[in-house]
Structures are given as C-alpha cells and as structure tokens.
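In: Could you work out the structure for the sequence below:
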Amino acid sequence: MEKKLEQIHEAALDILEQTGFRFMSDRALEVLKDNGIRILDDVARFTRDQVMTWVAKAPDAFTLHGADPRHDAIIGRDHSQCVTGYGCSAVCEWDGSRRDAGLEDYITFAKLVHQSPHFKINGGILAQPGDIPAEQSQLIMMYAAALCTDKCLLGIPGNNSQMQDIMELTAIRFRDRAEAKTAPRLLTMISTISPLQIDAMGVDAILASAAYQQPVIISPAPAAGTTGPIDLASNLALATAEALACIAFSQMACPGLPVVFGLQCYGSDLGSGNISIGSPAYALQAKYTAALARKYGLPSRCGGSTTDAKAVSCQSGYERMLSIFTAMQNRVNLIVHSAGILDNFAAISYEQFLIDLEIMDMARYYLDDIEVSGQTLNTDLIKQVGPGGEFLTCMDTMKKCRTHSWNPQIAVRKIGYDFNAHDDFTDNIRKQKARLLDQYTPPVLPAGILDRMDRFMLGRGVSDAVLKQIKQMCRNSHTGRTGHTN
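Out: So this is what the prediction gives:
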C-alpha cells in the first residue's frame, strides 16, 4: 500500500502545482498572495514545498472539549469518534414513507445522540428543520444542540456573518470569548466544490474558525465518474489535492489550527449520474483516506453507516455494515454519518439510527478482539468439566454471563416459531427508542448562561416563541409524533 499512497500523493502535488485550486474569495486570495502563493486569476498554484511546509504545521491530534469534561473527545492518532447523520431534510418512516424534518426531529435526535455511549459529539445538522426560518436555521440548530447536550459540539458552516454568530453563541455557552479560544470547542465541517475549488462560504467558515482557533474538517467529496475521475486512484488524488490546498490555507490563517483530513470520496451510479454511497468504491476509498491522513500526520474523517437504499431494508443493512466496519477497522479518527442515514444522504430514520447503534456495538465487539491469557484460557475449568460435560451451569459462566457475551438490544433471538419475528423486531426498536428518551435528562447550564444565550438569540431576530418551544421540547422525554415508531 505504501507505494500506492506515494503515487497518489505525488499526483496530488502535481495537480496543485500544474492545474491549481480555485479560491472563490478575495479574502482568501489576499492571504495566499501574502504567503507567496502564485495566483493566476482566482486559481492558486502551490509548489510542493509550499504545500507540505504549511500542512506540517497542523497537529496530528487534538482534544475537542465538551461542556462536561467527561465527554471530551480526542481526534487523531488511534482514537476513533463517531458522529451521527448530518444534513438530511427528510425523515424516512418505518414503512418507507417520507415527511419533511422539523425542529422537533432535530431535538429528538439530539436527545438520542446524547443518550448513546457511542457518541461524544452532538449537534451539527442532525436533521434540517423545515418549519423554522431558513435564514435563522443554523443559529437555531446550534442553540438547540447547546441546550440539549453537554457533549462536544459539531458546528454548521455559513457565510462570515453566520459564522460569527455561531462562534459568539458558542462562546457564551462556554462562558466567554476568551475561554472559548483556550481550547477546541466547536468542530466545523467544510466542503470543497469538486473539482478543485472552494466557494466564499467555505472560505468564510475557515477564516472564522481560525479567528476563534476552533478546529475544522476539510472534506472534499468527488464522485468517481461525475465530479471526479472514474478511476478511484485518480479520484483520490483529486480529493487529496483539494484537501491539501485548503489545509495549507487554514494554516496560513492560523498556524497550528487543528484540522481534519476528511476525504469523502464516492462512487457513482452512471446510469443516473447520482452519487453512490452504498458502493464498495466508497468503503475502498475510505481505507485509503485513513492511510493518507496517517502519512500526512493528520486526523482523518471518512466512512460512516452509508447506503443508497431508499428505506430500512436488507440493502440498507449490508451496504452500511461494509462502510462502518471499514472505517472502524482502518482506525478512521472521525466517522461522520455513522447512524441513521438513508438514500444517498437524502433522509434520516429513527429506526435506522437505532439499528446502526446495534451495528456499531457488533463492530466494536469484533474489533476489540480476544484477550488471550492464562485467566481467559482457563484450562483448569476445562479440566474440571472434562469430556462430555457442560459449561452452562458452571459458576464461572454465571459470574460472567452479563459481561462476557455480546447481547443485542433489538435483534430477535427467540426460540420457536409461535411469534412474528418482524413484529418483535419492530417492537424492540420502539421500546429501545422509548427507553433512551425516557432516561434523557437535559444538562444544567451554569447560572446566567441561558439568559445570555436567550438575549443573544433575541438580538439576532429569533422570536421568543421559538426559544420557548425549544426549551419545552428539551424538557419533554417524548415530543409528539417523534416519540413513536410507526
């Protein structure tokens, strides 16, 4: 693999030197010129030394801090953090029907993420609410996430004004601006526009994060055969070039800024021209992304529980098992879209979310491997039981039965045939969702912080009615229709 990685790396540097990367922002072009980067029109051409000198300034790992230090998350090295689905505007029901996502869905997903031990990071665009003003949605989602959880926060990219508001709100949540700058608190995912460009909003998001010294994920997403070359090696080289250009720029804006190398390279359905996130091409490119990030000494982001399936189905199961297992096995540091996603990121599902938690449980159990020692081999016990004996009633089994075997939360393991397995599976999902929501308790904010957040939101034009609605939803264990599985 090392030879292949070196070839992809060299191709990426060749792309940046000879073809270049477009920054659709005068602010970015000024920063680049000030640091000796050659600009032709709005296209930057980097020498090999320039790229690697700037990229080397980014750390190989960093700690993202939650409001509660118990949820602090190390991003990088051998640590792997999962983040749930991101960016869907629709909710897919159990029967495959669709409806627009609402603020209630956003908050319910925030609660489920808060309750799951698989996640140390919450927020971002858990589901894009269609029932709030579009121009205020980013700020409202961040406010809701800050109230619903004391885990680390995933941010939302925006233009300069939107990013400033999000950063200011985060600073209030963490008491003041100075404290917000002392440690990474908000991780923002920034996408390029393949091939080989980034728009003004992406640049604004990088610069605002740099000003507040908050980490970013640089996440090119070329699809092989449409927005990227059909050969996977070439598609990876293109994505690597895009990521390295933006990472170098981020270090010019703030040397040492924590940044994640986040290739999200897709396959394509060339019959329709659509991306394919269920293709094995997606998982294969994720494996190389993780290896490239290690080569550059950077944290990685790729993979997830992804599928092209339109609804929860056998297809959604086998496609996402490949992608999430590949990401975990290759020690991807940040696995976004790890739960709930369906239909090429077009929809999110409560049922699929809960199934994905079980899939992650299974994958982690496998990857934790077997402990081999004198104690676990336990030949004395085997000698005691002897040929033809049984271990079910042994005291050793009794002591370890709740801790040493893997037991599902929703899978059906009944014996016999006098039941409906599909109905039992559905019922298990319903019960697990109800259990998580019933156990949810909103975090207690420090004195005065909520009032300051409310005043800030009102000053940005968000109505008091919306703020009260969010607070009420955060307090309720079940909120209307999202408390039930169809």
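In: List the beta-bridge partners for His79.
Out: Gly76 (DSSP bridges).
In: Count the neighbours of it for me.
Out: 15 (other C-beta atoms under 10 Å). In this view, the C-beta of every residue, glycine as well, is placed from N, C-alpha and C.
In: Identify the residues contacting it.
Out: 61, 73, 333 (C-beta atoms under 8 Å, 6 or more residues apart in numbering).
In: Distance from stretch 312-322 to the middle of the chain?
Out: Distance of stretch 312-322 from the chain centroid (C-alpha atoms, centre = their mean, to the nearest Å) equals 19 Å.
In: Buried ones in it, by neighbour count?
Out: Within stretch 312-322, the residues that count as buried by 16 or more other C-beta atoms under 10 Å are 312, 316-317, 319-322.
In: how about the residues you listed in CSV, adding pLDDT?
Out: Putting the buried residues of stretch 312-322 into CSV (pLDDT from 0 to 100) gives the following:
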residue, pLDDT
Val312, 97
Ser316, 97
Gly317, 96
Glu319, 97
Arg320, 96
Met321, 96
Leu322, 96
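In: Widest-spaced pair of these?
Out: Spanning the widest gap among the buried residues of stretch 312-322 are Val312 and Leu322, at 16.6 Å by C-beta to C-beta.
In: Let me know the closest of the buried residues of stretch 312-322 to Leu437.
Out: Closest approach between the buried residues of stretch 312-322 and Leu437, by C-beta to C-beta: Val312, at 19.2 Å.
In: my read: the closest one touches Leu354, true?
Out: No - with contact defined as C-beta atoms under 8 Å, Val312 does not reach Leu354; the gap is 10.0 Å.
In: quick revisit: narrow the contacts of His79 to those in strands?
Out: Counted as lying in strands by DSSP state E, out of those, are 61, 73.
In: quick one: which of the contacts of His79 is most hemmed in?
Out: Neighbour max across the contacts of His79 (other C-beta under 10 Å) = Asn333, 27 neighbours.
In: which residues touch that residue?
Out: Contacts of Asn333 by C-beta under 8 Å, 6+ apart are 61, 75-77, 79-81, 260, 293, 299-301.
In: can you give me the helices for the stretch 201-350 of the chain?
Out: For the stretch 201-350 of the chain, the helices defined by DSSP state H, counting those that start in this stretch occupy 232-253, 280-296, 314-329, 350-367.
In: which one of the ones you listed is the most hemmed in?
Out: The highest average neighbour count among these, using mean count of other C-beta atoms under 10 Å, belongs to helix 232-253 at a mean of 25.
In: That one versus helix 280-296: what angle between them?
Out: For helix 232-253 against helix 280-296, the angle between stretch directions is 40 degrees (axes from the mean of the first three to the mean of the last three C-alpha atoms, to 10 degrees).
In: Rounded mean pLDDT for helix 232-253, please.
Out: The average pLDDT for helix 232-253 rounds to 98.
In: Adjust the sequence numbering to begin at 57 for everything that follows.
Out: Sounds good: first residue 57 from here, last item helix 288-309.
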